[in-house]
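Participant: can you look at this prediction? I've put the sequence above it.
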2 protein chains.
Amino acid sequence: MDQDLSTYIDDHKNWITEELKNCIHGLEDIPNRLKEAMIYSIQAGGKRIRPILLIASCEAFGGESKNVLSVAMALEMIHTYSLVHDDLPAMDDDDFRRGLPTNHRKFDEATAILVGDGLLTLSFEIIANDMVLSNKQKVYVTKRLAECAGPTGMVAGQALDMYAENKAVTLDELEKIHHLKTGQLLSFALEVGAYLGGASDSELHVMKQCARFTGLAFQIKDDILDVIGDPDKLGKPIGSDEINDKNTYPKLLGLDGAYKQNEKYVQKAKQALIRANIDSTRLADLIDYLSEREQ
Amino acid sequence: MDQDLSTYIDDHKNWITEELKNCIHGLEDIPNRLKEAMIYSIQAGGKRIRPILLIASCEAFGGESKNVLSVAMALEMIHTYSLVHDDLPAMDDDDFRRGLPTNHRKFDEATAILVGDGLLTLSFEIIANDMVLSNKQKVYVTKRLAECAGPTGMVAGQALDMYAENKAVTLDELEKIHHLKTGQLLSFALEVGAYLGGASDSELHVMKQCARFTGLAFQIKDDILDVIGDPDKLGKPIGSDEINDKNTYPKLLGLDGAYKQNEKYVQKAKQALIRANIDSTRLADLIDYLSEREQ
């Protein structure tokens, strides 16, 4: 990876992680165990892909990263809550995430449920309490975040994914699941980053297309890594999709087909960036990075 | 109960229930089973106390009920989500609620988790999408709703309640748990209803005091009903607090002591209403009703 991109990712990852920790540390009147469990999952080594995409998208339209910090944090909190609930015994029943015991294994199941509920609610609180955004911007961000994360967005994706286990699905059905489950929050990052950076309606339209293809490419790579990834780098065993009879791109298209589909979507995402007619080098590099990553 | 109050409660209860059902029915692109499970819990016969208090508080300051419909619905969605998650096997492990199987018993545990997540997220979406409120009002409502429901509000109360099981607590600790777990959403109803009705800062201050005592009185009555209530009217067996070794007012103060504490808080709540210097007959009647209810 290009040194400059690597530094950009690391710097922003550290910044976001620090701010998230400080935010939860600063909560007063919260039970110690709940606070500890929230911090445990929030600092458990995520790539912070969504906040970084949000910031890069905002910057591509001339905005400043410090102005979207609350939104970046809210987005990562929602992503984290979804992982904590997804790992629960009644859902995917995962014992490890990013090389560490999952929240319900480290603490207990009830605490993990409340950690998820708490992070989800807190994400809306920090947007409403932001000191930089206008009320109009806050309402737009809240609306889009809730739409992308809620029962017609990410939560619908989780449900569809669960109900599709042990059933054969078509490629269209698989793409719909992934578009909802993973794509919605990635789309939020690129679209809302652009909005807060000052994108026009037509630019937003193009960024939504870019976001959709980026989300699908990201998910295909996730599926590929579950087949041929390095468990040490991933921080979890591979092969869990096959064991759980999950519907994945390699299962439907074969490994070669999945690679090709990934490449096709990366190109489509980058073509959309070119149409947006902005300084998009950083975003294009990030999209390549997502498709080439090993974890 | 006074016929006029009874009609007021029934009319508003039916209105809110109908609007909540329509709202979820109207969601497009949501898995059928998830939608069905959300509707199941949202129409499972709640008293709709919180939305009714919100509306009555708004009206006491000269506001109109139709202007706070979205907020009333959002509040009831959050209350419902908290019940669905609270009933889960890892939490209170309840099989019945309001005479019907709990969500995870009727559907499954994963669906119940997603129903809660979905309702919580949807509540913020409908406020952001409201057609009547100004952006400033939406941001205020979102901020207060998230504070009251989140990790320093209701979620903190759930956690404290759980961690306090099988442990002796003082009356102060018990009141703190109840203030967070039940009181926060009731406070939201009275306070935000007043705000949206046009209350001044000093009036809001008084309404917060009224809200705090109303919340505590409500919880004491809940505890009393779990000892001496009629299971048919409650729609659930009584005695579960004792079985689960929960900390309750009757346990700490005896049944007589709990009745006296309830009466004390009802009087304090009504005195605050008098200080607010508004047309508060309806609100005072509602506070009496909460304290005299049999379910």
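Facilitator: Ah, there it is. Numbers count the residues shown, from 1 in each chain, chains lettered A, B, ... in the order given.
Participant: mind saving the C-alpha coords of stretch A:201-220 as CSV?
Facilitator: Taking Å, rounded to 0.1, in the frame of the first residue of the first chain, the C-alpha atoms of stretch A:201-220 are listed here in CSV:
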residue,chain,number,x,y,z
ASP,A,201,-27.8,17.0,-5.5
SER,A,202,-26.4,15.7,-8.8
GLU,A,203,-23.0,15.0,-7.1
LEU,A,204,-24.9,13.2,-4.3
HIS,A,205,-26.7,11.1,-6.9
VAL,A,206,-23.4,9.9,-8.4
MET,A,207,-21.9,9.3,-4.9
LYS,A,208,-24.8,7.0,-4.1
GLN,A,209,-23.9,4.9,-7.2
CYS,A,210,-20.3,4.8,-6.1
ALA,A,211,-21.4,3.8,-2.6
ARG,A,212,-23.5,0.9,-3.8
PHE,A,213,-20.7,-0.7,-5.8
THR,A,214,-18.2,0.0,-3.0
GLY,A,215,-20.4,-1.8,-0.6
LEU,A,216,-20.9,-4.8,-2.8
ALA,A,217,-17.2,-5.0,-3.6
PHE,A,218,-16.4,-4.8,0.2
GLN,A,219,-18.8,-7.7,0.9
ILE,A,220,-17.4,-9.9,-1.9
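Participant: list the buried residues for that stretch?
Facilitator: A:203-204, A:206-207, A:209-220 (16 or more other CB atoms under 10 Å in any protein chain shown). Where C-beta positions appear, they are placed from N, C-alpha and C, glycine not excepted.
Participant: stretch A:116-135 now?
Facilitator: A:116-128, A:130, A:133.
Participant: what about those, which are in helices?
Facilitator: A:116-128 (DSSP state H).
Participant: pLDDT score for the residue nearest to residue A:175 when sequence neighbours are not counted?
Facilitator: Closest residue to residue A:175 apart from its sequence neighbours, by CB to CB, 6 or more residues apart in numbering or on different chains: residue A:216 at 6.4 Å. What the model reports as pLDDT for residue A:216 is 92.
Participant: cool, residue A:1 as well?
Facilitator: Predicted confidence (pLDDT) for residue A:1: 68.
Participant: with residue A:50 instead?
Facilitator: 97.
Participant: residue A:242 now?
Facilitator: 80.
Participant: try the one 3 residues further on
Facilitator: In this model, residue A:245 is scored at 77, pLDDT.
Participant: now it: closest residue in space, sequence neighbours ignored.
Facilitator: Closest to residue A:245 by CB to CB, 6+ apart is residue A:166, at 4.9 Å.
Participant: the one you found in helix, strand or coil?
Facilitator: coil (DSSP: H, G, I helix; E, B strand; the rest coil).
Participant: count of neighbours near it?
Facilitator: 9 (other CB atoms under 10 Å in any protein chain shown).
Participant: coming back round to it: of the buried residues of stretch A:201-220, closest to residue A:158?
Facilitator: residue A:219 (13.5 Å; CB to CB).
Participant: can you tell me the element the closest one falls in?
Facilitator: In this structure, residue A:219 sits in helix A:201-228 according to DSSP states H and E.
Participant: so which other helices or strands are in contact with that helix?
Facilitator: In terms of contacts (3 or more CB pairs under 8 Å, 6 or more residues apart in numbering or on different chains; DSSP states H and E), helix A:201-228 is packed against helix A:49-60, helix A:171-178, helix A:184-197, helix A:240-243, helix A:249-276, helix A:281-292.
Participant: okay, now the unreliable bits of the stretch 1-150 of chain A?
Facilitator: By pLDDT under 70, the weakly predicted segments of the stretch 1-150 of chain A are A:1.
Participant: can you show me the strands along it?
Facilitator: Ranges of strands in the stretch 1-150 of chain A, per DSSP state E, counting those that start in this stretch, are A:96-97, A:100-101.
Participant: and the residue of the stretch 151-295 of chain A that's closest to chain B?
Facilitator: Residue of the stretch 151-295 of chain A nearest chain B, by CB to the nearest CB: residue A:151 (3.4 Å).
Participant: what's around that residue, how many residues?
Facilitator: Around residue A:151 there are 28 residues (other CB under 10 Å).
Participant: over to residue A:70?
Facilitator: So residue A:70, with other CB under 10 Å, has 23 neighbours.
Participant: ok, now the one 5 residues further on?
Facilitator: Other residues within reach of residue A:75, judged by other CB under 10 Å, total 29.
Participant: where's it relative to chain B, distance?
Facilitator: 13 Å (CB to the nearest CB, to the nearest Å).
Participant: if I read this right, that residue contacts residue A:50, doesn't it?
Facilitator: Yes: assessed by CB atoms under 8 Å, residue A:75 is found in contact with residue A:50 at 4.9 Å.
Participant: if we can go back for a sec, wait, which of the helices and strands packed on helix A:201-228 is closest to residue B:248?
Facilitator: helix A:184-197 (41.3 Å).
Participant: residue ranges in the stretch 151-295 of chain A under the pLDDT threshold?
Facilitator: For the stretch 151-295 of chain A, no range has pLDDT under 70.
Participant: residues of it that sit close to chain B?
Facilitator: A:151-152, A:155-156, A:158-160, A:162-163 (CB under 8 Å from any CB of the partner chain).
Participant: out of these, grab the one that's most surrounded.
Facilitator: residue A:155 (30 neighbours).
Participant: let me see the contact set for the residue nearest to that one when sequence neighbours are not counted.
Facilitator: Using CB to CB, 6+ apart and skipping residues adjacent in sequence, the residue nearest residue A:155 is residue B:118, 4.6 Å away. Applying CB atoms under 8 Å, 6 or more residues apart in numbering or on different chains, we find residue B:118 in contact with A:150-151, A:155, B:34, B:38, B:81.
Participant: let's see that with 10 Å instead.
Facilitator: Listed by CB atoms under 10 Å, 6 or more residues apart in numbering or on different chains, the contact set of residue B:118 reads A:149-156, A:158-159, B:24, B:27, B:30, B:34-35, B:37-38, B:77, B:81, B:84, B:111.
Participant: can you tell me the centre-most residue of chain A?
Facilitator: For chain A, the residue nearest the mean C-alpha position is residue A:50 (4.7 Å; CA atoms, centre = their mean).
Participant: just checking, that residue touches residue A:83?
Facilitator: No: taking CB atoms under 10 Å as the definition, residue A:50 is not a contact partner of residue A:83, at 11.9 Å.
Participant: the nearest residue to residue A:67 once chain neighbours are set aside and residue A:63: what is the separation?
Facilitator: When the adjacent residues along the chain are set aside, residue A:67 lies closest to residue A:132, with 5.0 Å between them (CB to CB, 6+ apart). Taking CB to CB, to the nearest Å as the measure, residue A:132 and residue A:63 are separated by 11 Å.
Participant: check residue A:184 too.
Facilitator: Taken as CB to CB, the span from residue A:184 to residue A:63 is 22 Å.
Participant: can you pull the contacts of the closest residue to residue A:102 other than its chain neighbours?
Facilitator: Distances taken as CB to CB, 6+ apart place residue A:87 nearest to residue A:102, at 4.1 Å, with adjacent residues excluded. Residues near residue A:87 by CB under 10 Å, 6+ apart: A:41, A:93-97, A:101-105, A:112, A:116.
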